[in-house]
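In: need a structure here:
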Amino acid sequence: ARDRARTAVTRLAAEARQHSRRYDFPYDNNLETFLGVDCTDANHPKDAASWPARAAKADQRDPYFGRVWAWATSPCARSTWTVRDEDAYTGPFDRRTSAPVLVVGNYWDPATNYRGAVSSAALLPNSRLLSSDSWGHTAYGTSACATGAIDEYLLNGTLPAKGTICVGDAQPFAEAAGEQVTERAETAKRTLAD
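Out: Predicted coordinates for the structure are as follows:
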């Protein structure tokens, strides 16, 4: 089964590379990815006409992002991805699974709180928490460490060592902070010399 999965992933990667060569710019599939996840993970009305009321209710609940989020998920009304009530798994979520579960949490994810990953890992008896000290939403692609650990789990079922913390390959504020410290040190030296 692992060989078949590895072959399928290799074939899909080759097809993706071949497909991307057709354009002189990289294709960004973030919208399709977002809808693929949200339309299958959440219950959405099947009727597009119900979205204005849904957006207004979401705006009352979360005045900053509720309305935007509601409208962003409106394609789910016509989507064949939408989960049917009888197909949705509603728990329990504290049972041992047939295979270990890798739970990934990113300290600085603005959309999915790290505490949620910690709670989920604590709830699942045979899970492992992979922590990522990276900036942005999700951890995959933020560092060779996180991407490699997730790939290893998905392709081979291998979990990272307990307590693994991956640090993002790009730290957006590290250089600026270092420059400020250097500037302050130089200013302090000049002040002391005067």
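In: Please, which helix or strand holds the spatially most central residue of the chain?
Out: Nearest to the geometric centre of the chain sits residue 138, at 2.8 Å (CA atoms, centre = their mean). In this structure, residue 138 is located outside every helix and strand according to DSSP states H and E.
In: Next, it: phi, psi?
Out: Its backbone dihedrals place residue 138 at phi 70, psi 180, with angles given as degrees, to the nearest 10.
In: quick one: which helix or strand includes the residue nearest to residue 6 when sequence neighbours are not counted?
Out: For residue 6, ignoring the flanking residues on the chain, the nearest one in space by CB to CB, 6 or more residues apart in numbering is residue 155 at 5.7 Å. Quick note: C-beta positions are derived from backbone N, CA and C, even for glycine. Following DSSP H and E, the helix or strand that holds residue 155 is helix 144-156.
In: Could you do residue 54 as well?
Out: Assigned by DSSP H and E, residue 54 falls within helix 51-61.
In: So for that helix, what gets flagged as buried?
Out: Applying a neighbour-count criterion of 16 or more other CB atoms under 10 Å, the buried positions in helix 51-61 are 51, 54-55, 58-59.
In: What backbone torsions are found at residue 170?
Out: Reported as degrees, to the nearest 10, the phi and psi values for residue 170 are phi -110, psi 120.
In: That one: neighbour count?
Out: Counted by other CB atoms under 10 Å, the residues lying close to residue 170 total 10.
In: Over to residue 101?
Out: Neighbouring residues of residue 101 were enumerated by other CB under 10 Å; the total is 16.
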